[in-house]
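# okay, sequence plus prediction incoming.
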Amino acid sequence: MDFSAFLFVGCAVFMEHFSVTFQPDQKNVRIHAGATLFEAAGQVDIVLVSPCGGRGTCKKCRVQIEPSGREVLACQFRVDRDLTVTIPAASRYYKHQILQDGTEKEITACPSWRKVHLADCPSSVEALQQVLIQQYFIPVRSAAPVAVNVAENINGITAVLHFASSQKKWDIVSIEPGNTVGTLYGAAVDIGTTTVVLRLMDLTTGKTVATASAANPQHQWGDDVISRIQFACDPQGQQTLQQAIVERLNHLLRQAVLQAQISPESVYEMVAVGNTTMNHLLLKLPVEQLGQSPYRPYSVEAIDTPAGSLGLKINSAGFLHTPQNIAGFVGSDTLAAVVAADFDTEHQTALLVDIGTNGELVLCYKNRMYAASCAAGPALEGARVLHGSRAMDGAIQRVVINGSDIDIDVIGSVAPRTICGSGLIDALAVLIQLGVINESGYFAARDTLSDQVAPAIASRLIEQEGQAAFVFAYDSNKKPSVWLNQADVRHLQLAKAAILAGIRILEKTAGIGQSQIDKLLLAGAFGNYIQKSSAVTIGLLPSIPLEKIHFVGNAASSGAMEILLDRNIRAKCEALSHRIEYVELASRPDFQDIFMDCLMFE
């Protein structure tokens, strides 16, 4: 064994450390021998792209070792000396666009929290109970073990009450000095696999007072739920993922309360929705079984947890409420979206499609609801595509045919570096329309292209690294900078086929055809930015009239808001969670045939 990386002092062993300087950031970190450059970058808040979770398979975290300029993968290169490292733009996990808004409707505030100010301070908690029951007609079940000091509360006290839905009574959870009735807030959170959106709400008025959003930091350990489940099978891995999301929630909360100019102590409840894996990781529930057939969740029940026990920095008496999950891969975010879309009162045949790292589907037909989850993977969000990325500055977000050539729109009005989800859908649609790729997804040879294809477009069809490819952008030296190759098309083909196959199986389960769909609601951040015509052209969505397709924004976030503001909706969630029929796609004997059929670009 080589002990050269260790120094022995007495009975202790000290690992050698080295200095790593990152350029052009001019950030320096001293880190132990054997650490990866990916770890070193993270210690100075430089986040690198890592769709594969650090396994070295996506090859997107390339950096350069100076002064030689040798290119290495940051997740695989281990520090063994003092280094200077240059990080190219394409390897950075830039701040990306996050859809915060969703469907909005009038909600009468009827939260699970209320405050009552008493100018005359009762002599004991028991006396306070009697006042609330006899004078305010509030059914109080129990009281917090808090002493009431009359002498110290000359301005009275405020009783903070939390509704116990199982008993239909209120609990006194804390007693605050003076009159604090005007400060009663909550946070509605949508924890996506990719992004997290937090809305701070005034529980008295029902108004949103601040919004904050950011990437889900768990992406460092895998961009899909299966990768994170595998990482969390180790107790230390699970703790790492749980701490990462809690720290992100606390960070977003600090941003929101700063915007609203209130204290975190004024926030008494957080309602968090997410897929079943995100839910279990937040609550520290076992996840190993979610990665193994038959993919059973540890819990599908709604849970109220003291926020402090999870490390959430809201009021010390506050709670985290997580609504019901539906199945192993259909979580409370889908339930929240169903609430926001009013599917419980829907009389038309309606399909809800939430396209993200996973595709969640809910079909409503004749007072029945069917749900499924599609393992689409993250390709539609740019991962596993050579030049793919999330929606960030420098990403191509729109591709159109413009006469004799193509046109692109780039986020941030800067030079194109990558292509994000909406751009990828457009790109595939354009390639299909031009005949550059056939119905099977294979590139045509340039000499076989139709005479109607303009020379400028035909010249974009090249061979790159042994694969056919189509160029969408060139650098300042007229060299190809952003392209799709045959492997990229295949990844996108698999993703779109998974979603369309899920839709067709739900239609088959309900006994309907796609022509019977009265409306299709497209939810989620990704869905809100794509072109409907492109999605239908490539077969991501059913071939229905475009006027039947409606964007509903971040419906999961909107549903979380409703659950936070109106305690009566929690009973609706309970009923819906039993009413929605889960369809396990993988166990269907016809899934493979339907999936193979959906691979085609028709």
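Nice, thanks for sending it over.
# break down the stretch 301-450 of the chain into its strands, ranges please.
Per DSSP state E, counting those that start in this stretch, the stretch 301-450 of the chain carries strands over the ranges 303-306, 319-322, 350-355, 359-365, 368-374, 395-402, 405-410, 418-419.
# spatially central residue for the chain, please.
Of all residues in the chain, the one closest to the mean position by CA atoms, centre = their mean is G192, 1.8 Å from it.
# per-residue pLDDT, that residue?
Listed pLDDT for G192 reads 90.
# is A556 located within a strand, as I assumed?
No - A556: not assigned to a strand; according to DSSP: H, G, I helix; E, B strand; the rest coil it is helix.
# skipping adjacent residues, who's closest to it in space?
Spatial nearest neighbour of A556, excluding adjacent residues (CB to CB, 6 or more residues apart in numbering): D333 at 3.9 Å. Glycine gets a C-beta too; all of them are placed from N, C-alpha and C.
# residues near that neighbour, how many?
34 (other CB atoms under 10 Å).
# before we move on, what about I408?
I408: 18 neighbours (other CB under 10 Å).
# check K496 too.
27.
# lowest-scoring secondary structure element of the protein by mean pLDDT?
strand 6-9 (a mean of 34; mean pLDDT, DSSP states H and E).
# so what's Q289 up against?
Neighbour list for Q289: Y295, R296, P297, Y298 [criterion: CB atoms under 8 Å, 6 or more residues apart in numbering].
# ok, those vs N477, which is closest?
Y295 (49.7 Å; CB to CB).
# what segments of the stretch 501-602 of the chain are helices?
Secondary structure of the stretch 501-602 of the chain by DSSP state H, counting those that start in this stretch: the helices cover 524-529, 532-537, 555-565, 569-579, 591-598.
# nearest to V116, of the ones you listed?
That would be helix 555-565 among the helices of the stretch 501-602 of the chain, by CB to CB, at 19.3 Å.
# next one: the closest one to chain centre, how far?
Distance, stretch centre to chain centre, for helix 555-565: 15 Å (CA atoms, centre = their mean, to the nearest Å).
# please name every helix or strand in contact with it.
strand 185-191, strand 195-202, strand 267-274, helix 332-340, strand 350-355, strand 519-523, helix 569-579 (3 or more CB pairs under 8 Å, 6 or more residues apart in numbering; DSSP states H and E).
# with distance to T208 as extra columns, can I get those in CSV?
Listed next are the helices and strands packed on helix 555-565 as CSV, based on distance: least, CB to CB, whole Å:
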stretch, distance to T208
strand 185-191, 9
strand 195-202, 5
strand 267-274, 13
helix 332-340, 14
strand 350-355, 21
strand 519-523, 19
helix 569-579, 17
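# of the ones you listed, which is nearest L540?
Nearest to L540, of all the helices and strands packed on helix 555-565, is strand 350-355, at 7.6 Å by CB to CB.
# pull the CA atoms of the closest one into PDB?
Written as PDB, here are the backbone C-alpha positions of strand 350-355 (Å, rounded to 0.1, in the frame of the first residue of the first chain):
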ATOM      1  CA  ALA A 350     -59.500  16.000 -19.600                       C
ATOM      2  CA  LEU A 351     -55.900  15.000 -19.600                       C
ATOM      3  CA  LEU A 352     -53.300  16.600 -17.300                       C
ATOM      4  CA  VAL A 353     -49.700  16.200 -18.500                       C
ATOM      5  CA  ASP A 354     -46.800  17.400 -16.300                       C
ATOM      6  CA  ILE A 355     -43.600  17.000 -18.200                       C
END
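# picking that back up, most tightly packed of the strands of the stretch 301-450 of the chain?
Highest mean neighbour count of those: strand 418-419, a mean of 28 (counted as mean count of other CB atoms under 10 Å).
# what is the mean pLDDT for that strand?
Mean predicted confidence for strand 418-419 is 94.
# could you pull out the helices for the stretch 101-250 of the chain?
Using DSSP H, counting those that start in this stretch, helices in the stretch 101-250 of the chain cover 125-134, 225-232, 235-260.
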